[in-house]
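Trainee: Sequence plus the predicted model coming up.
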Amino acid sequence: MADISIEQIRHSMAHIMAEAVTGMIPGTKVAIGPSIENGFYYDFDLPRPLLEEDLEEISSRMKDIIKGNFSFTKTVVSRKEAENLFSDEKYKLELLKAIPLNEDVSLYTQGNFTDLCRGPHVESTSQLNAGSFKLLSIAGAYWRGKETNPMLTRIYGTAWKNPKELRLYLKQREEMEKRDHRKLGKALDLYSTHEEAGPGLIYWHPKGARIRLAIEDYWRDVHYKNGYELLYTPHVGKAWLWETSGHLGFYNESMYSPMEVDENDYFIKPMNCPFHIMIYKTNIRSYRELPLRWAELGTVYRYEKSGALHGLLRVRGFTQDDAHIICTPSQVEDEILEVLRFSLDMWKSFGFSDVKAYLSTRPEKCVGSEEAWARATSSLQKAIEAEGLSYETDEGGGAFYGPKIDLKIRDAIGREWQMTTVQFDFNLPERFDMNFVDSDGKEKRPYMIHRALLGSIERFFGVLIEHYAGAFPVWLSPVQVRIIPVAEAFNEYGENLLKQIRQKGVRVEIDKSDNRMNAKIRNAQKEKIPYMLIVGEKEAETSTVSLRLRTGEQENGLAVGKFIDDTLQKINDKVLI
RNA sequence: GCCAAAGUAGCUCAGGGGUAGAGCAACGCUCUCGUAAAGCGUAGGCCGUGAGUUCGAAUCUCACCUUUGGCUCCA
């Protein structure tokens, strides 16, 4: 028996599900059903809506089919035969037409179900395990992924080699649910959204704001240290600005409707770049002042379809950690290298060290000379290679205005998130007629690079919550220290401590509730506060604290001064705890 | 925007054509406590919004809003 791949198992499961569904609901038309990461799906055109309860019956029918020991048989047929066979299946006919003429048309049959399919499959359902799959959800999906096509009903399932692997996967899903930033955001009182006040708009609560401030303070600090200047620009701009930039032409769908001021249309900004360019153009620029590196935590608003909104990860108003680098062509290579190095450095500080690059190159329709594209693309590639990053190239995947690098970071449970983007722009310098005077006295066009390292503060915050499961490193924790007097009598000593520690700039609180100490500890644990200071008679008498970490470790009889010094050191070193 | 499901107290959830339920949180009182929940009590809701069916709607129907899972799109 040949080795069975997990893809074969999943793909075969999809066929079995299709057999179950077509057997259960007459009149069902089948579309496509591939294996995917972790499982499979199949798209159906159903005569009636599918209910959650239906999944149970489909599931049990699938189990019966698997236990029936049916073999998967492949037959190669002529196009004519296939057309006759699928005369009732319009989606299959469409797929059939798409098969290149020099390729065989093959069918796979198991039990009562025959599908147009390239394969491969398992040899028999006996090679599958009825206990190693689970149907997960029902979803709508456009036929062939096109918005204008009819919507089909998709059933997602997960399938594995054996029940143990299935259990492991389901457990991992539970872990993901526990880390869900929307749950933790509420439980830890970090942020909220409000349907009455507008969906997709984020309200940062005091604790969320503490974290954001810690991120932003660090961000500003390292930007200055890396040779950037910081800008502040307006939130709205007149139509002229967006006409000139071209956004009203190619980005209109994502922009909010204009507001009228003194008979002029003003648009709320979906991007910061035109504003930075306005500043650039306040002066004649010499080659001597380039490169300019201008950064801004710029809040932008973009219209997102209602169904696309998702917690902090997909919102309608967000703050980009944006910057524009304006430089001469000869400076490009160094600049890109620096941006990449800077970015990796920043990711490391936040606890992400697994980073992968994606290079997108020149598409068919684009602006800018071929030479400029080549130069830009090669500088991107060189930078990736110099940093030793593994990367993939998306040929022709760049925007019309320039090539780009995107960085994806891997989180604590192995998921990839697209965050950093470094993009060339050959469009805006033209449109805004940006110039600099070169050493030969002639006016020349500068290169412009957009870059966002964290991407957006909101999305980054969401990823950060999930990465740390809410237990942030000390330097980011909204409350770094919670003082827990064992009884009311020691509140005063606790208050003294509070003042001393707060004085040093540490985020500290005292729990003066009439809870017992155990309950106070429990509450602090649930809030994932890194340091708990338990203080009672012993500590008050000796000017010490009993330190409890959220990991459960403890160190008793610690001198107050030493605790403060150690804590400051840990905050400074950005250690986890 | 599209397909499907959901919305009940601050939070997590039960109930379901005939006076609205629990736990936690909040508030009050008692206890003054040593490393993950002390005890008792009080208050809290137009059952997402609007219309309809009905003697009567949180419950049934429709529309809308929002959320969730997808599709499309993307920082």
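Mentor: Thanks, I have the structure now. Residues are numbered from 1 along each chain as shown, chains lettered A, B, ... in the order given.
Trainee: Would you confirm that residue A:361 contacts residue A:395?
Mentor: Yes. At 5.3 Å, residue A:361 counts as touching residue A:395 under the criterion of C-beta atoms under 8 Å. C-betas here are computed from N, CA, C, even on glycine.
Trainee: Tell me which of the two has more neighbours.
Mentor: Neighbour tally, residue A:361 and residue A:395, criterion other C-beta atoms under 10 Å: the higher count belongs to residue A:361, 18 against 10.
Trainee: The stretch 101-250 of chain A against RNA strand B: which residues are in contact?
Mentor: Contacts of the stretch 101-250 of chain A with RNA strand B, taken as C-beta under 7 Å from any atom of the strand, map to A:137-142, A:145-147, A:151, A:153-154, A:156, A:182, A:186-187, A:193, A:195, A:199-200.
Trainee: So which of those belong to helices?
Mentor: A:182, A:186, A:187 (DSSP state H).
Trainee: For stretch A:378-395, give me every contacting residue.
Mentor: A:332-333, A:336-337, A:339-341, A:344, A:355-361, A:403-405, A:407, A:422, A:424 (C-beta atoms under 8 Å, 6 or more residues apart in numbering).
Trainee: can we see that at 10 Å?
Mentor: Stretch A:378-395 is contacted from outside by A:329, A:331-341, A:343-344, A:354-363, A:377, A:398, A:402-408, A:422-424, A:447, A:449, using C-beta atoms under 10 Å, 6 or more residues apart in numbering.
Trainee: Please indicate which of the residues you listed are buried?
Mentor: Burial by neighbour count, judged by 16 or more other C-beta atoms under 10 Å, picks out A:331-333, A:335-340, A:343-344, A:355-362, A:377, A:398, A:402-408, A:422-424, A:447, A:449 from those.
Trainee: so of these, which ones are in strands?
Mentor: Under the assignment DSSP state E, the buried ones among the contacts of stretch A:378-395 contribute A:355-360, A:404-408, A:422-424, A:447, A:449 to strands.
Trainee: Now residue A:450: closest residue in space, sequence neighbours ignored.
Mentor: Distances taken as C-beta to C-beta, 6 or more residues apart in numbering place residue A:423 nearest to residue A:450, at 4.7 Å, with adjacent residues excluded.
Trainee: likewise residue A:107?
Mentor: With sequence-adjacent residues excluded and distances taken as C-beta to C-beta, 6+ apart, residue A:107 is closest to residue A:75, at 5.0 Å.
Trainee: what about the strands in the stretch 451-577 of chain A?
Mentor: For the stretch 451-577 of chain A, the strands defined by DSSP state E, counting those that start in this stretch occupy A:481-485, A:508-510, A:531-535, A:544-549, A:554-559.
Trainee: any chance of the ones you listed in CSV, plus distance to residue A:521 and mean pLDDT?
Mentor: Shown next, in CSV, are the strands of the stretch 451-577 of chain A (distance: least, C-beta to C-beta, whole Å; pLDDT from 0 to 100):
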stretch, distance to residue A:521, mean pLDDT
strand A:481-485, 6, 97
strand A:508-510, 14, 96
strand A:531-535, 6, 97
strand A:544-549, 7, 97
strand A:554-559, 10, 95
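Trainee: Near residue A:543, how many other residues are there?
Mentor: The local packing of residue A:543 (other C-beta under 10 Å) involves 12 other residues.
Trainee: The closest residue to it other than its chain neighbours and residue A:575: what is the separation?
Mentor: Nearest residue to residue A:543 in three dimensions, chain neighbours excluded: residue A:560, at 5.7 Å (C-beta to C-beta, 6+ apart). The spacing between residue A:560 and residue A:575, counted by C-beta to C-beta, to the nearest Å, is 21 Å.
Trainee: if you count what's nearby, which of these two comes out ahead?
Mentor: Higher neighbour count among residue A:560 and residue A:575: residue A:560, with 18 against 13, using other C-beta under 10 Å.
Trainee: What residues are bridge-paired with the closest residue to RNA strand B within the stretch 1-150 of chain A?
Mentor: Per C-beta to the nearest atom of the strand, the residue of the stretch 1-150 of chain A with the smallest distance to RNA strand B is residue A:140, at 2.5 Å. Taking DSSP bridges as the rule, residue A:140 bridges to residue A:153.
Trainee: Surely it touches residue A:147?
Mentor: No. The criterion here is C-beta atoms under 10 Å, and residue A:140 misses it with residue A:147 at 11.5 Å.
Trainee: circling back: of the ones in strands among the buried ones among the contacts of stretch A:378-395, closest to RNA strand B?
Mentor: Nearest to RNA strand B out of these is residue A:406 (C-beta to the nearest atom of the strand; 7.0 Å).
Trainee: Please name the residues that touch the closest one.
Mentor: Each residue near residue A:406 by C-beta under 10 Å, 6+ apart is listed here: A:356-360, A:391, A:394, A:397, A:418-423, A:455.
Trainee: quick one on the thing from earlier: the residue nearest to residue A:107 in helix, strand or coil?
Mentor: Of the three states, residue A:75 takes strand under DSSP: H, G, I helix; E, B strand; the rest coil.
Trainee: Can you get me a residue count around residue A:429?
Mentor: 20.
Trainee: Spatially nearest residue to the most centrally placed residue in chain A (excluding sequence neighbours)?
Mentor: Nearest to the geometric centre of chain A sits residue A:417, at 4.0 Å (C-alpha atoms, centre = their mean). Using C-beta to C-beta, 6+ apart and skipping the chain neighbours, the partner closest in space to residue A:417 is residue A:463 (5.0 Å).
Trainee: any idea how far RNA strand B is from the one you found?
Mentor: Going from residue A:463 to RNA strand B by C-beta to the nearest atom of the strand, to the nearest Å gives 9 Å.
Trainee: Over to residue A:283?
Mentor: For residue A:283, the distance to RNA strand B equals 30 Å [C-beta to the nearest atom of the strand].
Trainee: Quick one: residues contacting that residue.
Mentor: Shown in contact with residue A:283 (C-beta under 10 Å, 6+ apart): residue A:289.
Trainee: In which helix or strand does it reside?
Mentor: Using DSSP states H and E, residue A:283 sits within no helix or strand.
Trainee: gap between it and residue A:389?
Mentor: When distance is defined by C-beta to C-beta, residue A:283 is 37 Å away from residue A:389.
Trainee: What of residue A:54?
Mentor: Counting by C-beta to C-beta, the separation of residue A:54 from residue A:389 is 46 Å.
Trainee: and if you look at residue A:311?
Mentor: Distance from residue A:311 to residue A:389, by C-beta to C-beta: 29 Å.
Trainee: Between these two, point out the one with more neighbours.
Mentor: Higher neighbour count among residue A:311 and residue A:389: residue A:311, with 21 against 17, using other C-beta under 10 Å.
Trainee: was I right about residue A:525 contacting residue A:531?
Mentor: No. If you go by C-beta under 10 Å, residue A:525 and residue A:531 don't touch, sitting 11.8 Å apart.
Trainee: shared neighbours of those two, anything?
Mentor: Here residue A:525 and residue A:531 share the contacting residues A:482, A:548, A:550, scored by C-beta under 10 Å, 6+ apart.
Trainee: From those residues, list the ones also adjacent to RNA strand B.
Mentor: Okay, of the shared contacts of residue A:525 and residue A:531 touching RNA strand B (C-beta under 7 Å from any atom of the strand), that's A:548, A:550.
Trainee: would you list the shared contacts of residue A:525 and residue A:531 in CSV and tack on neighbour count?
Mentor: As requested, the shared contacts of residue A:525 and residue A:531 are exported to CSV (neighbours: other C-beta atoms under 10 Å):
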residue, neighbour count
A:482, 24
A:548, 21
A:550, 19
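Trainee: can you tell me the residue of the stretch 301-450 of chain A closest to RNA strand B?
Mentor: Residue nearest to RNA strand B within the stretch 301-450 of chain A: residue A:307 (2.2 Å; C-beta to the nearest atom of the strand).
Trainee: Sounds good, over and out.
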